[in-house]
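1. below is the sequence, then the predicted model.
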Amino acid sequence: MDVSDGAAQADGLVSQYIARVEQDLAHNAEEQERIGREMEGLQQRLDALQQDRGVLLGVRQALGGRGTDQALPSMPTAASEETAQGEQADVPGKPGTPQTHQACKISKLTLVDLVYSHLAGQSEPRSAAEVSTDIAGAHPDRRVKATVVRSTLEALVAQGRARRTKQGRSVFYSSSAPAKATRSSS
C-alpha cells in the first residue's frame, strides 16, 4: 500500500502544480492585456503629440521662423507617417543630418515660397494633398509632409495670400493673386 499512497501523493502534487500553472497563465494573459491597452493608449498619445509637433513646425516655418529644431528630439515610431507614405528611412535632407544643413544653405526657397508659387501657378483650386504631392515631385530633395503643407496653406490663408474653399467635406486652396495667363498645359 505504500506504493499506492506514494502514487496518490504524486498525483496530488501534479494536480497542484497544474492548478498553479493555470493560475499563472491566466494572470500572465491578464497582464498582457492590461499592458497592451496601456501601450495602445501611450502610442495614441505619442502619435497625437508627433502630429501636433509637425503642425507647429509647419506653422513656425510658414510664419517665417527658421530656427533649428535640434532642441526637440524626434521619436521614431514603428508605423510613422513617413513610412506610411512610402518615404525611405535614409533620405538625404532628413532633419538632423549634415545633408539637411547643406541643403538648407543651398536652397533659399522656404516651403512657404514653394507652396505660394505653386498655388499662384494653378488655374483651379487644389487640395493640400495635391499640393504636397506636386511639390514633393518637383523637389525630390526636400522632405514634404502633407500635414506641414496643410499648415502652411492655412497660414497663407491667415495672411490673405491664399483662399480656402470647401466642397462637401473637401477643402481646396487657391492663390489670392490671379493665376498666370501663360500656363503650359499638363
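-> Cool, the structure landed.

2. double-check that R163 belongs to a strand.
-> Yes. Counting by DSSP: H, G, I helix; E, B strand; the rest coil, R163 is located in a strand.

3. once you drop chain neighbours, what's closest to it?
-> Closest residue in space to R163, ignoring its immediate chain neighbours: S174 at 5.2 Å, by C-beta to C-beta, 6 or more residues apart in numbering. C-beta here means a position set from N, CA and C on the backbone, and glycine is covered the same way.

4. next one: L114
-> Per C-beta to C-beta, 6+ apart, closest to L114 is I135, 5.4 Å.

5. share the number of residues neighbouring that neighbour, please.
-> Neighbour count of I135, defined by other C-beta atoms under 10 Å: 18.

6. now what about the helix or strand harbouring it, what contacts it?
-> Following DSSP states H and E, one finds I135 within helix 128-138. Helix 128-138 is contacted from outside by 111, 114-115, 118-119, 126, 142, 144-146, 148-150, 153, 171, 173, using C-beta atoms under 8 Å, 6 or more residues apart in numbering.

7. what are the buried residues along the helix or strand harbouring S117?
-> Secondary structure assignment for S117, by DSSP H and E: helix 111-120. Counting neighbours by 16 or more other C-beta atoms under 10 Å, one finds that the buried residues in helix 111-120 are L111, V112, L114, V115, Y116, H118, L119, A120.
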